[in-house]
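# all I have is the shape, not the residue letters:
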Ligand code: 5GP
């Protein structure tokens, strides 16, 4: 990534990266945030993934659902700001729309896992990293096993990853605890559109 892309010293809008273990409620918090942010200019990144759609997920809205070949082509062509493998599937953030939003003064929000968050941190040090954390480990296990859309081996794998993700808390600028969806969404929104905490 070039200095121009990293935007050092430019007055661009803030890039916020939201991460948090699977099952912590990122989708619910983001849905509440979208409602709260209706009046505000805010860009929500739509990732590409090789994971099959879950019931109710719409291509181009929740994700761009692509096959592995297409994903690898996008990697080779440098189309991703970051990309990672998570629980056997590939996920990546299309670079151009994010950079365009920031350049036009629109704050942007990525909801991605830990390896991706680290890549964004390395490429764009001015990005704000926010972790969404569960009120307790037991709460997270309950939410993850209760979803019922994934097979037990996948749930087990996601719990393992969740342990690692929570252990990385100190790498994040902010931690928002999801005890209550609306409160967490309001906290997150103020971080996404709020004044910079550290200065470029
Ligand atoms: P899910 O399959 O449950 O939608 O997402 C699995 C994990 O992939 C979640 O932790 C989610 O934040 C992460 N994820 C979604 N999109 C991206 C992306 O573009 N890049 C990375 N690195 N992770 C992503």
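Yep, it's here. Source: prediction; values computed, not measured. Residues are numbered from 1 along each chain as shown.
# mind checking the SS state of residue 12?
For residue 12, the secondary-structure state derived from DSSP: H, G, I helix; E, B strand; the rest coil is coil.
# er, residue 73 I mean
helix.
# report how many residues lie close to it.
Residues lying near residue 73 (other CB atoms under 10 Å) number 12. The C-beta positions use only the backbone N, C-alpha and C, and glycine is treated the same way.
# what about it, distance to the ligand?
To the ligand, residue 73 is 16 Å away according to CB to the nearest ligand atom, to the nearest Å.
# next one: residue 41
21 Å.
# how many neighbours does the nearest residue to that residue once chain neighbours are set aside have?
Distances taken as CB to CB, 6 or more residues apart in numbering put residue 106 closest to residue 41, at 4.7 Å, once the chain neighbours are dropped. By other CB under 10 Å, the residues close to residue 106 number 16.
# next secondary structure element downstream of the host helix or strand of residue 140?
Per DSSP states H and E: residue 140 is located in helix 137-146. Remark: after helix 137-146, the chain's next helix or strand is helix 152-167, criterion DSSP H and E.
# tell me what angle that next one forms with helix 137-146.
Taking axes from the mean of the first three to the mean of the last three CA atoms, to 10 degrees, one finds helix 152-167 and helix 137-146 inclined to each other by 150 degrees.
# and helix 152-167, how far from the chain's centre?
With CA atoms, centre = their mean, to the nearest Å as the basis, helix 152-167 stands 17 Å off its chain's centre.
# tell me what that helix is packed against?
The helices and strands touching helix 152-167, judged by 3 or more CB pairs under 8 Å, 6 or more residues apart in numbering; DSSP states H and E, are helix 137-146.
# how about the secondary structure of the closest residue to residue 60 other than its chain neighbours?
The shortest distance from residue 60 to any non-neighbouring residue, by CB to CB, 6+ apart, is to residue 46 (6.8 Å). Of the three states, residue 46 takes coil according to three-state DSSP.
# where does this protein get nearest to the ligand, which residue?
Proximity of the chain to the ligand (CB to the nearest ligand atom) peaks at residue 116, 2.3 Å away.
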